[in-house]
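K.L.:
okay, here's the prediction I keep looking at, along with the sequence it came from:
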Amino acid sequence: MLLAIDVGNTNMVFGLYEGERLRGTFRISTNAERTSDELGMQISQYYHFHGLDRNETRAVIIASVVPPVMYTLINAIRKYLRVRPVIAGRDVDIGIENCYANPREVGADRLVNAVSAVRKYGKPLVIVDIGTATTFDAIDENGAYQGGAIFPGIKVAMEALFLKASKLPRVDIERPEHAIGKTTVQSMQSGAVRGYVGALSGIITDIREELGGNARVIATGGMGRMMAEYCDLIDEVDPNLTLEGLRLIYENNRPAFEGRGLNSETCLIEATEENGWDTK
């Protein structure tokens with residue numbers, strides 16, 4: 001089996017693949033204070049919940065935008081799955097032309113999403129990943145990553161409003177039936193969801209125009225499905241876009257995953273002793 005891991009700012013999303021089949025997914029909160037044993041035992045419990053043998057994991061691939069958690073995660077994988085993980089963008093090429101001014105600045109997850117989306121939906125594309133931050137990624141007609149936009153996630157924006165405005169409460173994120181709220185809660189919900197949809201629509205429209213006007217729009221991320229209900233410009237919702245991209249990178253780089261199994265002694269060696277993760 002292949003274990004694909006998408007490390008985001010809020011959650012780490014794990015996908016267990018047997019060939020092309022996704023056997024199961026689970027999420028663990030991203031927390032750099034957790035020890036490798038705590039994380040390794042949580043991962044093992046999820047394998048047990050899905051009725052899978054962790055010893056059948058032959059390869060692990062990770063895309064991460066959170067360097068501080070990587071030392072713990074890599075050592076957890078080494079110790080509990082006995083595999084040296086492959087880091088997308090470091091150990092293997094992600095496999096897409098990157099036209100950013102400084103290619104190293106682009107989060108690995110954004111490029112992985114592009115690989116997956118181009119394979120599944122063609123090109124050109126606008127990919128909207130709606131999570132802690134909302135990213136907009138532009139893929140041109142040749143399949144090259146051109147860049148995009150970054151916008152605060154709706155939960156981040158609402159939390160900032162709660163913290164900075166003393167009389168405003170925390171509210172659930174949902175759109176009331178009417179734009180004119182009759183209570184403070186309704187007013188905040190209307191402003192949050194309708195304002196956010198307006199921002200999504202405006203940014204998507206501008207990016208599509210710069211790509212030539214005919215790009216399909218693919219949404220992913222934790223809030224992708226909810227926002228797609230309100231934003232008519234979104235053509236498809238694909239919650240497993242990043243995991244599928246990691247699987248494709250694995251399929252395209254099989255030799256890089258060979259010989260990475262560990263035995264009962266080598267699995268206990270810390271990653272830094274093999275220069276396994278550079279946090280700089």
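P.N.:
That came through, no problem.
K.L.:
how many residues are close by P255?
P.N.:
Number of residues near P255 (other Cβ atoms under 10 Å) recorded here: 7. For the C-beta atoms, the positions are set from N, CA and C on the backbone; glycine is no exception.
K.L.:
longest helix in the chain, by number of residues?
P.N.:
helix 184-211 (DSSP state H).
K.L.:
show me what that one packs onto, helices and strands only.
P.N.:
Packing partners of helix 184-211 (3 or more Cβ pairs under 8 Å, 6 or more residues apart in numbering; DSSP states H and E): strand 125-130, strand 133-139, strand 145-152, helix 154-164, helix 224-228.
K.L.:
figure out how far stretch 45-59 is from the centre of its chain.
P.N.:
22 Å (Cα atoms, centre = their mean, to the nearest Å).
K.L.:
right, and the helices and strands packed on helix 184-211 - which one's nearest E210?
P.N.:
Closest approach to E210 among the helices and strands packed on helix 184-211 is made by strand 133-139 (7.1 Å; Cβ to Cβ).
K.L.:
and the closest one, which strands flank it?
P.N.:
strand 125-130 (antiparallel), strand 145-152 (antiparallel) (DSSP bridges).
K.L.:
redo those strands as JSON lines? Include mean neighbour count and mean pLDDT.
P.N.:
Shown next, in JSON lines, are the strands paired with strand 133-139 (neighbours: other Cβ atoms under 10 Å; pLDDT from 0 to 100):
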{"stretch": "strand 125-130", "mean neighbour count": "27", "mean pLDDT": "96"}
{"stretch": "strand 145-152", "mean neighbour count": "18", "mean pLDDT": "95"}
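K.L.:
can I get these in JSON lines with distance to S166?
P.N.:
Listed next are these as JSON lines, based on distance: least, Cβ to Cβ, whole Å:
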{"stretch": "strand 125-130", "distance to S166": "28"}
{"stretch": "strand 145-152", "distance to S166": "21"}
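K.L.:
out of those strands, which gets nearest to T35?
P.N.:
strand 125-130 (29.3 Å).
K.L.:
what's that closest one in contact with?
P.N.:
109-110, 113-114, 117-118, 134-139, 148, 153-154, 200, 204, 207-208, 211, 215-224, 227, 234, 241 (Cβ atoms under 8 Å, 6 or more residues apart in numbering).
K.L.:
got the angle between it and helix 154-164?
P.N.:
Counting by axes from the mean of the first three to the mean of the last three Cα atoms, to 10 degrees, strand 125-130 lies at 40 degrees to helix 154-164.
K.L.:
what angle do helix 184-211 and strand 125-130 make with each other?
P.N.:
160 degrees.
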